[in-house]
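Enquirer: Okay, here's the prediction I keep looking at, along with the sequence it came from:
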Amino acid sequence: MTNRMLRVNKLLSQEIAKLIQDEFLGELGIISVLDVDTSYDLKQCRVFISIACEENQQQILKKLQSKSFDFQSKLAKKLTLKYVPKVQFIIDESQENIDRINKILDEI
């Protein structure tokens, strides 16, 4: 990955985290932006998030997905990019997998 893509991913990660905090402050619980993966043509970006409230993760994800166009338009106003990517939210389950593997290893 090029340095430019790394900078764009970092910038998008910071701005999306701020927008989530501003939009849903306390409403959806604690949402962390873990990583952003932008396509090379800057048309799409996948935002990997972690949601602290495990019982209604899918509802929170649907709410974020429904606001993805709003996020894109607010990013367009804040950033000076040729293309502002479409935002797609994905729940990152890597930490859950790590915990599950550690639990299995402890049982062995």
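Expert: Perfect, I can see it now. On a predicted model such as this, the values are computed, not experimentally measured, just so you know. Residues are numbered from 1 along each chain as shown.

Enquirer: Distance from the helix or strand containing residue 103 to the middle of the chain?
Expert: Here residue 103, judged by DSSP states H and E, is contained in helix 94-107. Centroid separation for helix 94-107 versus its chain: 23 Å, with CA atoms, centre = their mean, to the nearest Å.

Enquirer: mind listing the helices for this structure?
Expert: Applying DSSP state H to the chain gives helices spanning 3-23, 57-66, 68-78, 94-107.

Enquirer: Look up how far residue 82 lies from residue 2.
Expert: Residue 2 sits 15 Å away from residue 82, going by CB to CB, to the nearest Å. The C-beta positions use only the backbone N, C-alpha and C, and glycine is treated the same way.

Enquirer: nope, residue 73 is what I meant
Expert: Where residue 82 is concerned, residue 73 sits at a distance of 16 Å (CB to CB).

Enquirer: And those two? Which one has more around it.
Expert: The neighbour comparison of residue 73 against residue 82 (other CB atoms under 10 Å) goes to residue 73, with 10 against 6.

Enquirer: And that one, what's its pLDDT?
Expert: Here the pLDDT value assigned to residue 73 is 89.

Enquirer: Residue 103 too?
Expert: Note on residue 103: pLDDT of 83.

Enquirer: Find the residue at the geometric middle of this protein.
Expert: The centroid of the chain falls nearest to residue 47 when counting by CA atoms, centre = their mean (3.0 Å).

Enquirer: How about the contacts made by that one?
Expert: Neighbour list for residue 47: 12, 13, 16, 33, 35, 36, 87, 88, 89, 90 [criterion: CB atoms under 8 Å, 6 or more residues apart in numbering].

Enquirer: So what's the residue count around the fifth one?
Expert: Residues lying near residue 35 (other CB under 10 Å) number 15.

Enquirer: Okay, buried residues for the helix or strand of the chain with the lowest mean pLDDT please.
Expert: In the chain, no helix or strand scores lower on mean pLDDT, DSSP states H and E than helix 94-107, which sits at a mean of 79. The neighbour-count criterion (16 or more other CB atoms under 10 Å) identifies no buried residues in helix 94-107.
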